[in-house]
Structures are given as C-alpha cells and as structure tokens.
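Asks: one predicted model, sequence on top.
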2 protein chains.
Amino acid sequence: MSEQLKYEARGVSASKSEVHAAIKGLDKGLYPNAFCKILPDVLAGSDKHCVIMHADTAGTKGSLAYLYWKESKDLSVWKGIAQDAIVMNLDDMACSGMVDGIVLSSTIGRNARIITGDVIAAIIQGAAQLMSDWAEHGVELLSAGGETADVGDIVRTIDVGFTATGRMKRKNVMDIDIKPGMVIVGLSSSGQATYETAYNSGIGSNGLTSARHDVLSSYYKQYHPESFDPAMNDEVSYTGNRRLTDIVSTMHGSFTVGQLLLSPTRTYMPVMKPILEKHRDTIGGIIHCTGGAQTKVLKFVEGLHIIKDNLFETPPVFDLIKEEGQTSWREMYQVFNMGHRMEFYTDAETAKSIIDIAAQFDINGKVIGRVEGSEDSYLTIKSPYGSFEYRDA
Amino acid sequence: MSEQLKYEARGVSASKSEVHAAIKGLDKGLYPNAFCKILPDVLAGSDKHCVIMHADTAGTKGSLAYLYWKESKDLSVWKGIAQDAIVMNLDDMACSGMVDGIVLSSTIGRNARIITGDVIAAIIQGAAQLMSDWAEHGVELLSAGGETADVGDIVRTIDVGFTATGRMKRKNVMDIDIKPGMVIVGLSSSGQATYETAYNSGIGSNGLTSARHDVLSSYYKQYHPESFDPAMNDEVSYTGNRRLTDIVSTMHGSFTVGQLLLSPTRTYMPVMKPILEKHRDTIGGIIHCTGGAQTKVLKFVEGLHIIKDNLFETPPVFDLIKEEGQTSWREMYQVFNMGHRMEFYTDAETAKSIIDIAAQFDINGKVIGRVEGSEDSYLTIKSPYGSFEYRDA
C-alpha cells in the first residue's frame, strides 16, 4: 500500500489540502506571511498593537496516552498530553514573535464511560503546574480555565485541545522574509534542556497516528479497540511488533517504547525569548516544523532553494518508527521533525549567537543548511540516507 | 432504568461533579461569582480592564447533524452547528457583561474517512457568514481562524468547538448579586427574532445526547453505528420511534423532527447589548440556562428561595422529547431550557423595560418568577405538570 493510501485509510489527510480549500478566500490577517494569523488589536483598540488567537490539540497522541494509562495506571502521562497541546500553540506563536503574556483555555472532550475524573484532574492540574514551572523560566502564562464536555457518542476516548490568546506590539511581529544567502539554524528537539526534568525523545505532536499504528502490535487492536477507528482497514491498524512496555536501548539510555513515543513536546519558549529580544531584527524567519515537518518552510517562501545538508543525527525514537513502519526516509522527513523542531533563517553571525544562547539552556543548536536563490521554490535534504527533493510542504 | 443510570450508560455525567472536583482549588478569577471566569487584563495591562477567555462546543448536536447530513445531503445543517458552538460562548459572556469586540477561534476534530472537506468548508464559511450577519445587528466579532485536526482514532465523526476572547472595563462586569424581592424576567428561546431567518424551536445545545437517543429510532443504530458509542448499553441507545424526516405538526407550523432538534441555538447578544447599555446598574444577575437548565441559577445564589411559577408554555420540541423519552417533567426542567434560555434578576420597573426592548426584536419576554429570602437555597418550579423543588443545579 502506498504511503498516501495508508494515510487515507487511517483517516488522516496528509496535506490538509481540504482544510486549506475550506479557508480559501477568508481574511489572512495583517501579515499574511507570518507564521500565525495576526489580527488587528480589537481587544484594546491600539493601532500599534496586534492580537494572535491560536488553537491546537494533542491530536492522536491522546489515544497513545490512553493505552499507556490503561496498561500502567500511571496518571502522570496526562500532564504530558496537556504539555503537547499547549506547546503546539506556544511555539507557533513564538515563531510570530510572541513570547509573553499569553492566556490559555482548554477544550477537552471525553467519553465519560471510560475516561475517569482523575484523568481530567491530571490534565487540568498538570497544565496549571506547567504554567507555574515555565514562569520560573521567564514564560508568563495565565489560565482561563476551559470546557470539559462529556461526548462519548463523538469522542471514543479523549481529545485534548488548548487555545491561546496574546497581544503584542506590531513592531515585534516576526514576519517571514527569507532571503538568499541566509543560513538555517536548527535547535534540537531531543536531549534534556535545563528546564526539563528528563530526557526528551524529540517526538513532538505530529505524525502520531502513523507512529502508533506503525510501531504498536495487534495486541492493542484486540484489547483496546476503543483506541482506534474500528472501520479502519485491517492492513494499516497496529501493524508493528512492539508493546508500550518494551525496552529500547539507545545511546542516551534505555527507555520503554511508551516513554519514547509519549515524550512531551519540548517548548522552545524559554530560549526563544532571549533570542528574540537580542536578534529580532536580523532574523528573516522562524519555522516551527510541525505538519509537513522538515518541508514546512515551503509554505512561506517563493523563488528560493532551501538546502538542508547538515541535519542533526536522527534521534532514536525516529529510528524506531522508521524501522517498525518500513517508512521511506523521504517520507520520514515530511512527517517527523527528525531532530530539530525549530529553525531560524538568519545571517552567519546571528546564527552563532543563537547557538550560544541555546547552549545556555543545554539545547544543541547548529547550522543545518542554507538558502539560495532559485526560479522555483524547492527544498533539498541531503542526509546519510540519500538526497531528497520536495516541491510542496 | 433510573434517569441517573441512563446518563451514565450514555457516557454523560449529569452533574459535572467530577469536572468541578478537578478544578477545585484553582484560581476563580477576579469576580468569583460572575457567570464566566474574569481574568486580570494581562493582554494590555490595565487595572481598569479585564479579560474573558471562554470555550464551548456544539457537543453531541454534531452527531445529530451528521445523521441529518447523511440522510438529506443538506450541507446547510453545518452552519447551524457552528452557530451552536459560537453562541454557547457568546451568550455566557454576555451574562458577564461582555457584548462587544470578541475574537473567535475554532477547534474542529474530524474523522477524515467519513467527514468530507465540504463539511469543514460549510462550518468555517458558515461561521464567517454568521459573524457578518450579526455585525449588521450590532454584534462585532472577529475570526482568528482555528485548527482542524484529522483524528479518526479519537473522533468518530466530528467535534466542533469554538473559543472566544474579549476584554472590557471592569466597571461593566456583570457580577451576580441576586437579592430577595427581585423578579425574574425570562426571554423566550423559541419563535423567530428579527435577526433570525426561520422559526427557532428553542432547543439550544444542551441535553442533545438524551434528546437524540430518546427521540430517534433504532434505524440509526443499524445504519449509522458511527453516530454513537457502540459499547453503550442497548437499552439506552436510539430508543425512540422517530426518523429525522418525520413531520411534526405544531401550532407554529409543520416541521421535521430534524428541523426541531437541530434548530441552531438562538443568540441573545443583539438584544442583550441595548439591555445592558440601559440597565447594567439595576440588574442583579443574568443566567444563561445551559447545563442544569432551569436550575442553573442555584450555582450562583446563597440563602435564597427562587420561585419560577409563570414559565413560558413548553415549546413543541420539548413535548416531543418528553413524550418519546417518557422523561419526568421534573427531569425535563433540569436538562432542557423548556422555553427560555436567558433570565434576568432585577426590579419590577427594569423588568418591564427589558420586556419592551426584547419585543423590539420579536422576542417574547415576561416575568417568570421571583426571589424570596430563605435560610437554605432552593428552587421551586410551579408548572402545569406539577410543582418541583430542587436543591442543586
């Protein structure tokens, strides 16, 4: 089965082209090429300010957390799911230049028959704990509460989303204007930052439908049919060989499959704040490598050849997914961040300073590529596994 | 089976007590007895202003819309679902005194295998159309866009939520301070307001899991198993006698069951704006009768006896639900608004003016009850079907 058909069979549209068609013609905001939609300041009415309101969810990582919780009884996994949903918002907003004073609201849908109240408490109180932890690292957030809906006829297990609202000076908006000659700095998605309490596998919150079905075994189909769409083609559901409790040995230590796949999405906020304070004017664009992963930048450029020829060594979690799913390397770079989830387009000098600032947070940074002029836009990834060209994100 | 057990079997917690336990101890905001959580103005830093960020969803009304769409191929039903989710936010915020300058963001989760792109377009473009329609009636809203996630392993069909953010002067906050001697004005949830294009059944967005299973027949269980939780006890799923296309004759005309159950939630925003402008100081509280329905006010009072003895005549949609589900009248008033979704606690003179303002919008208003002092708080509903006492919302 082709990778495209595999996505469709799993109820995922790889390209989001339908969603883009649905919003075609709608207002794109004040800075149409910014990473997030930038709104006029209708909240306080200042023409020197702007507003971002942004929504995201933990996606099917919630289903994986459900399996882990059922198997281990370990409630702490749900705090990670809150982190996944929150960080998917925060780090997008940071790419637009917003690193402060953000209000967060949750939207949780659950099947009350199988998701108990202590899970909801773990998510809501986990989110509060994260906000308090991050405040100590300079990231000020405020919780607005949220909605928890009992909708077992719609949600099989649990769906966790957050929405974030912030306001900033328009002069601080990080519009994307990438130019030939710029270098690309990537900041590692894995390792352990000074503000993290354990090794982060780097998985993030994208590609988790693929990862779960490719890695996990049919055991989960048999014992937890509520964790996936039962109408899914049998050939694509839980086709791997692993249990969440299986041990994987890596150069960073031994982890369970569950620990690697459920590692909470790292926020880059604490490190992006000083980077933006110092270098806002010399950065041409910041890309959060989420949907589309290493190809995401293609959504924001015209007439450029993006060359990524010095990517990070692939973190073990992606090797595991690649091996179990027998996914092509070309595809892996389109679905998973493969080593860095945040990248900066800038000059060589600023690049060096960004890497230095990141190092203070124990986050590896390096120049992973460069930008050249070109008639049509495309991306070349040169990796140990081959050279791949992409025309669309 | 008791009504309590019926809820539980349907994956719904009637009281939300688990959710309240989960958020116990978390900050309640600047005005702990306001209808919405009121936050300090972290967005613009003014101590004279405050912020509300609020989330809600269309709940299982989305599953009903799915059935209607599958049967009729009529995409227009999805604009109604956008309206349901948006209005559940707006009308809560209006109860806190916020009737202007609100930014909206959507969070949609879908199973891409069965929910096509044109449904997403109908929701997103329908929301944009609604905002533009309501602007003509004085309600200024701004769309921030939103997130559409393909999560077929979590969402059986589609889950539609909106989150809303607004900012206002603290002196305009409508804190709830209900006193003995006040009268209660209800504004009808059904009929056709000047800003509506058709008869509104008054159903709103609460109790739809009950309504769908109580009214619809086992035909839907057989042909659309994706519309409900298959693990649900057979005794409580699709236990009614109706198809969505069945005709119901009422004093307001003939409608299909689908039209009555899917009637989009009326927003009271256009009428609440002039009411608040004129009477903010003499209103002691505004209650949006959502979860808990006619008992909702009990969440906001202490040492009061709330007497509702002149409620609106029950709109036909609720007679249909009552009849099909053989639900007790006592229960009906706790789950469905039964005639008015918005109620004001005020003096007799203001009450008269509120009713006059509502009349200009072709919305029926009347004094539906009064407030008396009492040692413990409780509600008495005196209806043609009996007198019922409630101690908790």
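Replies: Cool, the structure landed. Remember, it's a predicted structure, so these values are computed and weren't measured experimentally.

Asks: only C-alpha atoms from now on, for both contacts and neighbour counts.
Replies: Noted.

Asks: quick check: domain ranges of chain A?
Replies: Domains of chain A are assigned by automatic domain parsing as A:3-203+A:262-390, A:209-261.

Asks: residue B:258 versus the residue lying closest to residue A:307 once chain neighbours are set aside, what's the distance?
Replies: Nearest residue to residue A:307, sequence neighbours excluded (Cα to Cα, 6 or more residues apart in numbering or on different chains): residue A:380, at 4.9 Å. Counting by Cα to Cα, to the nearest Å, the gap from residue A:380 to residue B:258 is 53 Å.

Asks: where are the low-confidence patches of chain A?
Replies: Residue ranges of chain A with pLDDT under 70: A:14-15.

Asks: the strands in it, which residues?
Replies: A:39-40, A:49-57, A:102-110, A:141-150, A:158-169, A:183-188, A:247-250, A:253-256, A:283-288, A:304-308, A:340-346, A:365-373, A:378-383, A:386-390 (DSSP state E).

Asks: for the longest one, packing partners?
Replies: In this case it means strand A:158-169. strand A:49-57, helix A:61-72, helix A:77-95, strand A:102-110 (3 or more Cα pairs under 8 Å, 6 or more residues apart in numbering or on different chains; DSSP states H and E).

Asks: out of the ones you listed, the one nearest chain B is which?
Replies: strand A:49-57 (5.5 Å; Cα to the nearest Cα).

Asks: taking the stretch 251-393 of chain A, what residue is nearest to chain B?
Replies: residue A:291 (10.6 Å).

Asks: skipping its backbone neighbours, what lies nearest that residue in space?
Replies: residue A:206 (6.4 Å).

Asks: ok, that neighbour - contacts?
Replies: A:59, A:290-291, A:335-336 (Cα atoms under 8 Å, 6 or more residues apart in numbering or on different chains).

Asks: about what we covered before: from what I can see the residue nearest to residue A:307 touches residue A:306, true?
Replies: Yes: at 6.3 Å, residue A:380 counts as touching residue A:306 under the criterion of Cα atoms under 8 Å.

Asks: the more surrounded of those two?
Replies: residue A:306 (28 against 17; other Cα atoms under 10 Å in any protein chain shown).

Asks: quick one: residues contacting the more buried one.
Replies: A:369-372, A:377-380.

Asks: out of the contacts of residue A:206, which are inside helices?
Replies: Among these, the members found in helices (DSSP state H) are residue A:335.

Asks: I'd like the contacts of residue A:206 laid out as a markdown table, including distance to residue A:363.
Replies: Converted to a markdown table, the contacts of residue A:206 look like this (distance: Cα to Cα, whole Å):
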| residue | distance to residue A:363 |
| --- | --- |
| A:59 | 26 |
| A:290 | 19 |
| A:291 | 22 |
| A:335 | 22 |
| A:336 | 19 |
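
Asks: residues touching residue A:61, list them.
Replies: A:81, A:205, A:208-209, A:262.

Asks: what do you get for residue A:339?
Replies: Residue A:339 touches A:188-190, A:202, A:311-315, counting by Cα under 8 Å, 6+ apart.

Asks: also residue A:266?
Replies: Residue A:266 neighbours (Cα under 8 Å, 6+ apart): A:87, A:189-190, A:200, A:202, A:204.

Asks: what about 10 Å?
Replies: Applying Cα atoms under 10 Å, 6 or more residues apart in numbering or on different chains to residue A:266 gives the contacts A:83-84, A:87-88, A:91, A:188-193, A:195-196, A:200-205, A:341.

Asks: and for residue A:303?
Replies: Counting by Cα under 10 Å, 6+ apart, residue A:303 touches A:179-180, A:372-378.

Asks: and what of residue A:21?
Replies: Residue A:21 is in contact with B:117-118, B:120-121, counting by Cα under 10 Å, 6+ apart.

Asks: repeat that for residue A:279.
Replies: Taking Cα under 10 Å, 6+ apart as the test, what residue A:279 contacts is A:346, A:350-351, A:353-354.

Asks: buried subset of those residues as a ChimeraX selection?
Replies: Those of those that count as buried under 16 or more other Cα atoms under 10 Å in any protein chain shown are selected in ChimeraX with:
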select /A:346,350,351,354
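
Asks: so which of the contacts of residue A:279 belong to helices?
Replies: A:350-351, A:353-354.

Asks: now the terminal residues of stretch A:191-206, how far apart.
Replies: Chord length of stretch A:191-206, first to last residue, is 18 Å (Cα to Cα).

Asks: then stretch A:384-393?
Replies: Using Cα to Cα, the two ends of stretch A:384-393 sit 22 Å apart.

Asks: buried residues, it. List them.
Replies: So for stretch A:384-393, counting by 16+ other Cα under 10 Å, buried means A:390, A:393.

Asks: for the nearest residue to residue A:169 once chain neighbours are set aside, what are its contacts?
Replies: Distance criterion Cα to Cα, 6+ apart; nearest residue to residue A:169, sequence neighbours excluded, is residue A:49 at 4.2 Å. Counting by Cα under 10 Å, 6+ apart, residue A:49 touches A:39-43, A:167-173, B:44.

Asks: among the residues you listed, which one sits closest to residue B:327?
Replies: Set against residue B:327, the nearest of these by Cα to Cα is residue A:43 (44.7 Å).

Asks: contacting residues for the spatially closest residue to that closest one that is not a sequence neighbour?
Replies: Using Cα to Cα, 6+ apart and skipping residues adjacent in sequence, the residue nearest residue A:43 is residue B:167, 5.6 Å away. For residue B:167, the contacting residues are A:42-44, B:38-41, B:43-44, B:49-53, B:98-103, by Cα under 10 Å, 6+ apart.
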